[in-house]
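*Asks:* What follows is a predicted structure for the sequence shown.
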Amino acid sequence: MSSPQGSPDPAGAEEGASNETIGNEEEAGAQSEQGGSSWPQPQDTDMKRAAAQLIEKYYFQLTVGCGNAHCDNPNCASSGKVGTLTSNEAAGKALQLCAARARLCEVVGAKVRRASQSLTLEAGVASSVSGKGHSSASGNTATCSLVQDVNMASVSTPSSALPPLSPMVDGLNTATGLTEETLVHTIAECRSSNNYAKLRRLLWAVFSNEIALRHSFIQRSEPVEKKSELLVRNKSKDNEGAQSKEEIRAQEEDLDKDLDSAEDTACEGEAAACAEATPEGDTKDPCKDFATTPNSTALDISEVRRAYAALFECPEAEFSSTLTNAVVQLLSDSLGIQLRVYKDAFSAIPNNINIFIILLESPALNTTDFIEGVMPSLCRTIGQLPERDQAHLTRHLASWEAPRLHRLLESLHQLITIRLLTTEFIQDFTINDEEAITSATQVMKLLFYASILGGKLDTPLLRDLPAEDPSLEPSTHEDPFSSVGKDWAARPPPKDSLGSLLGIHVLDARTPLVPLSEFYDDFLSDQLEMDRDFALYKAGSSDKFSFLYYPFILTPATKALGLYYDNRIRMYSERRMSIYQQLIEGMAANPYLKLRVRRDHIIDDALVELEMVALDNPGDLKKQMVVEFEGEQGIDEGGLSKEFFQLIVEQIFNPDYAMFCFNNESRTFWFNPNCFENDAQFTLVGIVLGLAIYNNVILDVHFPPVMYKKLCSKPGSFHDLRDWNTTLYRSLVELLEYEGDDLEEVFMQTFRVGYQDVFGTSLTHDLKTDGDNILVSQASKHEFVELYADFLLNKMVERQFRAFRRGFNMVTDDSPLVNLFRPEELELLICGSQHYDFMELMKSTEYDGGYTSETPIVQAFWELVHDMTTEDKKRLLQFTTGSARVPVGGLARLKLIIARHGPDCDRLPTAHTCFNVLLLPEYSSKEKLRDRLYKAIKYAQGFGML
């Protein structure tokens with residue numbers, strides 16, 4: 001192929017243009033110094049850039065071919081039907097083929113193109129266009145790689161003058177990339193001359209060129225490194241003592257072959273590492289996803305960090321602007337276009353993920369200039385990566401230390417906050433449309449999984465769990481609900497494609513590198529229009545971004561609002577369906593789930609009615625629930641439902657029913673494995689729990705955290721015993737930590753364990769066959785602990801819990817509940833917060849009927865409230881809102897209203913629990929207010945009409 005001057009020798013072309021190249025680079029370096037933090041802003045549209053890439057594809061098809069020996073395309077060199085073409089002729093014909101939309105071949109076994117080829121094509125296209133009388137593109141052209149599957153590269157035209165890229169920049173070969181030695185040597189030269197122009201040229205040549213950056217800091221074999229050093233030395237000699245151009249070109253070809261061989265070896269090493277990491281008997285393709293070893297990228301991470309450390313010892317003013325502009329140029333033009341147009345082909349390039357690993361290793365990651373200038377482009381490009389590459393990048397992030405990962409997370413939060421504060425959102429441009437925020441959220445997802453992957457996992461992993469045994473399903477006599485509709489008990493947890501590639505699930509997290517609560521963005525959650533976001537979430541369109549697909553960034557209170565919208569829509573849908581059936585089919589209208597109960601027989605009445613509804617039509621459970629207490633005048637607008645759930649929960653956990661056991665140490669309830677009640681009773685309890693969530697009611701239940709984990713389809717494990725039975729957990733930890741050889745004599749523990757039922761009867765269970773004759777040893781202690789925990793938390797209560805989960809899923813099966821909430825968040829959703837901050841409640845309270853925050857009786861009221869004990873505060877909440885629990889998000893979300901209820905009188909305060917309204921007479925003194933208020937909250941029970 002010809003050079004820009006028409007010479008058939010690329011090396012000669014380079015010699016002829018070297019002086020001009022260096023001069024232009026020095027000029028650009030000076031402009032960078034003067035311009036400060038100016039950013040290149042490309043003005044060409046993506047269509048023009050894609051056309052440039054298409055022209056280049058036609059060019060290489062004409063000159064190189066597709067590699068198919070049986071090709072029949074007359075415009076492909078592999079078919080033998082294309083005559084000998086000069087570079088200029090090939091470029092001109094490529095323009096004609098592009099305009100005619102001629103046939104393109106698929107490339108067979110293409111290799112990554114070298115930078116010198118890109119320059120040759122650039123010159124040919126420019127010459128061809130100029131020869132036709134057209135004006136060439138302004139500015140200089142940046143080069144990028146040949147995509148492996150689609151044998152092409154991008155030719156972009158930045159709006160501002162940039163240093164031209166050449167295969168050799170002060171001794172740097174972009175095909176071999178940057179090394180620590182080259183950078184350190186350049187820094188030393190710049191320091192000695194007190195002129196950092198050469199360093200700026202080097203940084204621009206590497207960080208604006210994806211070929212150079214991809215091949216930088218790679219772990220190469222010694223022969224390749226020696227050949228590269230020899231080639232650099234030979235090219236730096238004077239013309240008199242230098243080798244001939246033919247000899248230098250031959251050495252370049254040998255080096256290219258060695259580099260290709262090194263890349264192939266690295267890929268083979270990846271395959272071998274995958275095969276070793278795949279468990280025996282696993283039928284999954286070991287290399288279908290990506291290598292599981294940290295070195296699969298063939299990138300020397302320690303060299304990258306040493307190089308950055310050496311670079312940032314220089315005055316940052318000398319290189320920071322150049323480095324920033326180069327990275328933005330690379331991300332915005334070269335990589336951005338490839339990922340938008342040829343996303344799948346990009347992932348086939350060897351070591352392409354090295355580019356992003358090198359950029360993320362930068363010490364400037366937490367600086368304001370990087371966050372505001374580079375981070376948006378970096379996040380956008382990473383978000384466009386194929387999931388295979390995102391998974392590879394996630395594995396690298398998982399190798400970071402926790403503080404470093406946390407700093408990157410803080411940078412992403414800062415970027416989101418900056419964009420929220422500086423962007424003007426309107427009806428047609430919302431937070432969901434701001435690309436910097438959405439792409440930062442996508443990158444945060446990688447950090448989320450990296451935090452889980454790099455921390456301590458809860459074994460066994462969800463993917464390793466066996467399928468549930470269908471033989472455990474109870475008979476119709478034991479549980480009539482087992483024959484109703486689908487299998488409500490078996491509900492696998494939702495899967496995420498990135499998590500599947502990594503082989504983990506969010507439920508596998510035990511101790512992540514960064515606490516998962518750190519991923520909440522409170523400011524984003526407060527500013528987000530959840531109604532709009534929920535609509536996008538339900539639409540499921542890939543064109544619009546919904547934060548509900550990234551629930552880790554939203555606070556539980558915000559996600560609870562999204563769940564509330566989903567539940568309400570289902571209620572309204574059931575209501576419309578009931579009206580439709582009445583009008584069309586003549587059926588009796590039944591738009592609500594009505595429960596008529598007696599206070600003294602609330603368990604009998606409620607469970608009987610719910611059983612009839614569930615057996616007759618389980619869909620009616622998704623209607624809005626309306627409760628009526630027999631003999632009372634209250635109308636249910638929410639308050640009666642709260643009272644109903646409170647009373648029924650108190651009765652369900654009553655020791656007289658013996659359905660649950662109470663642990664005095666942890667103050668929690670657990671399933672009674674020896675309960676005389678049949679499975680149907682536990683199914684009804686699960687229905688009650690599901691109805692509470694569905695109707696947005698907080699329950700005063702006390703289950704250990706492992707119960708919510710099991711509701712999310714992850715069985716309990718050893719570490720869950722910490723909150724289930726602290727004493728037992730400590731005893732087992734002591735057993736595990738004992739390292740002596742006399743463990744059998746010291747502990748005298750066999751694989752037979754004892755326990756007591758709720759009636760105090762001692763029972764035993766063999767964890768293994770003939771367990772009473774097998775002593776626990778150093779070799780088997782971990783097995784014993786795992787089997788013991790599995791028996792206590794899973795197998796012993798399997799029948800009861802399965803029925804309980806069946807009832808829960810009958811109400812929540814179509815809900816996005818398990819998609820949005822982790823187990824600890826599910827507990828918060830059901831039980832509410834334990835943080836009673838009445839200062840928040842006071843700040844959020846509204847006043848009506850003539851009261852204000854400055855009214856003396858109101859001020860006296862709050863003084864009394866702040867002096868109350870915790871129990872009295874709970875009674876006050878119960879009296880005013882119908883629930884003693886704090887809602888998700890704290891008391892600030894309660895929206896209490898204090899209304900004036902007449903002048904001074906002897907009446908007690910009253911409340912509309914449906915609307916959280918406290919009716920408070922304007923008493924004459926604080927003492928009278930104290931007397932009336934305490935009587936009201938102590939003896940309040942029942943509903944009436946005022």
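*Replies:* Yep, it's here. Numbering: from 1, shown residues only.

*Asks:* Any buried residues in stretch 591-601, and which?
*Replies:* Residues 591-595, 597 are the ones in stretch 591-601 that count as buried (16 or more other CB atoms under 10 Å). C-beta: built from backbone N, CA, C; applies to glycine.

*Asks:* Out of these, give me the two with the largest separation.
*Replies:* Pro591 and Val597 (19.5 Å; CB to CB).

*Asks:* part of a strand, is Lys594?
*Replies:* Yes: counting by DSSP: H, G, I helix; E, B strand; the rest coil, one finds Lys594 located in a strand.

*Asks:* Quickly note the distance from it to Leu610.
*Replies:* Computed as CB to CB, to the nearest Å, the Lys594 to Leu610 distance reads 11 Å.

*Asks:* Over the helix or strand encompassing Ala52, what's the mean pLDDT, rounded is fine.
*Replies:* Taking DSSP states H and E as the definition, Ala52 sits inside helix 46-63. Mean per-residue pLDDT for helix 46-63: 72.

*Asks:* same check, this time on stretch 406-415
*Replies:* 96.

*Asks:* ditto for stretch 419-437
*Replies:* On average, stretch 419-437 scores 92.

*Asks:* Mind listing what's buried along that stretch?
*Replies:* 419-420, 430-432, 434, 436-437.

*Asks:* Can you lay out those residues as CSV showing secondary structure and distance to Lys710?
*Replies:* Output for those, formatted as CSV (DSSP: H, G, I helix; E, B strand; the rest coil; distance: CB to CB, whole Å):
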residue, secondary structure, distance to Lys710
Arg419, helix, 40
Leu420, helix, 38
Thr430, coil, 38
Ile431, helix, 35
Asn432, helix, 34
Glu434, coil, 39
Ala436, helix, 40
Ile437, helix, 36
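
*Asks:* For those, work out which two are farthest apart.
*Replies:* Thr430 and Ala436 (13.6 Å).

*Asks:* ok, His901 - contacts?
*Replies:* By CB atoms under 8 Å, 6 or more residues apart in numbering, the contact list for His901 reads 849, 907, 909-910, 919-921.

*Asks:* Nearest to Ala899 among these?
*Replies:* Gly849 (4.3 Å).

*Asks:* Bridging across strands, which residues link to the closest residue to that closest one other than its chain neighbours?
*Replies:* Spatial nearest neighbour of Gly849, chain neighbours left out: Arg900 (3.4 Å); criterion: CB to CB, 6 or more residues apart in numbering. Going by DSSP bridges, Arg900 is paired in beta bridges with Leu920.

*Asks:* and the gap between Arg900 and Val627?
*Replies:* 30 Å.

*Asks:* So between these two, which is more surrounded?
*Replies:* Of the pair Arg900 and Val627, Val627 is the one with more neighbours under other CB atoms under 10 Å, namely 23 against 17.

*Asks:* Provide the contact partners of the helix or strand harbouring that one at residue level.
*Replies:* Val627 is part of strand 624-629, with elements assigned from DSSP H and E. With contact meaning CB under 8 Å, 6+ apart, strand 624-629 is reached by 571, 574-575, 591-599, 634, 636, 640-641, 643-644, 691, 694-695, 942-943.

*Asks:* Helix or strand next in line after it, which one?
*Replies:* Strand 624-629 is succeeded, C-terminally, by helix 639-652 (DSSP H and E).

*Asks:* and the end-to-end length of stretch 886-897?
*Replies:* Distance across stretch 886-897, first residue to last, is 16 Å (CA to CA, to the nearest Å).

*Asks:* didn't Val327 look like it was pressed against Trp204?
*Replies:* No: using CB atoms under 8 Å, Val327 makes no contact with Trp204, being 10.0 Å away.

*Asks:* can you pull out the strands in the stretch 801-946 of the chain?
*Replies:* For the stretch 801-946 of the chain, applying DSSP state E, counting those that start in this stretch gives strands covering 846-848, 897-900, 910-912, 917-920.

*Asks:* from those, which stretch is densest packed?
*Replies:* strand 917-920 (a mean of 22; mean count of other CB atoms under 10 Å).

*Asks:* Can you tell me which helices and strands that strand packs against?
*Replies:* Where contact means 3 or more CB pairs under 8 Å, 6 or more residues apart in numbering; DSSP states H and E, strand 917-920 is packed against helix 856-867, strand 897-900, strand 910-912.

*Asks:* Please tell me how far Met707 sits from Ala560.
*Replies:* 19 Å.

*Asks:* neighbour count winner among these two?
*Replies:* For Met707 versus Ala560, the count of surrounding residues by other CB under 10 Å is larger for Met707: 26 against 22.

*Asks:* Tell me the predicted confidence for that one.
*Replies:* At Met707, pLDDT is 95.

*Asks:* Kindly report the same for Leu732.
*Replies:* 94.

*Asks:* now swap in Met152 and tell me
*Replies:* Per the predicted model, pLDDT is 31 at Met152.

*Asks:* And for Val112?
*Replies:* 37.

*Asks:* Kindly report the same for Pro887.
*Replies:* 81.

*Asks:* residues touching it, list them.
*Replies:* Contacts of Pro887 (CB under 8 Å, 6+ apart): 557, 698, 832-833, 893-894.

*Asks:* again, but for Pro909
*Replies:* Pro909 neighbours (CB under 8 Å, 6+ apart): 901, 918-921, 932-933, 936.

*Asks:* what about 10 Å?
*Replies:* Contact analysis of Pro909 by CB atoms under 10 Å, 6 or more residues apart in numbering lists 861, 876, 879-880, 898, 901, 918-921, 923, 929, 932-933, 935-937, 940.

*Asks:* Would you mind checking those residues for buried ones?
*Replies:* 861, 876, 879-880, 898, 901, 918-921, 923, 929, 932-933, 936-937, 940.

*Asks:* Point out where the stretch 351-500 of the chain drops to low pLDDT.
*Replies:* Scanning the stretch 351-500 of the chain for pLDDT under 70 picks out 468-491.

*Asks:* which stretches of it form strands?
*Replies:* Taking DSSP E, counting those that start in this stretch as the criterion, the stretch 351-500 of the chain carries its strands at 456-457.

*Asks:* before we move on, what about the stretch 551-700 of the chain?
*Replies:* 592-597, 624-629, 660-663, 668-671.

*Asks:* Give me the local confidence score for the nearest residue to Gln756 once chain neighbours are set aside.
*Replies:* Distances taken as CB to CB, 6+ apart put Ser762 closest to Gln756, at 5.7 Å, once the chain neighbours are dropped. You'll see Ser762 listed with a pLDDT of 85.

*Asks:* go on, the one 10 residues further on?
*Replies:* Asp772 is assigned 90 on the pLDDT scale.

*Asks:* in its sheet, what does the strand holding Val627 sit against?
*Replies:* In the sheet, strand 624-629 lines up against strand 592-597 (parallel) (DSSP bridges).

*Asks:* if we can go back for a sec, please convert the buried residues of stretch 591-601 to a markdown table, extending it with pLDDT.
*Replies:* A markdown table is the format used below for the buried residues of stretch 591-601 (pLDDT from 0 to 100):
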| residue | pLDDT |
| --- | --- |
| Pro591 | 84 |
| Tyr592 | 87 |
| Leu593 | 88 |
| Lys594 | 88 |
| Leu595 | 88 |
| Val597 | 88 |
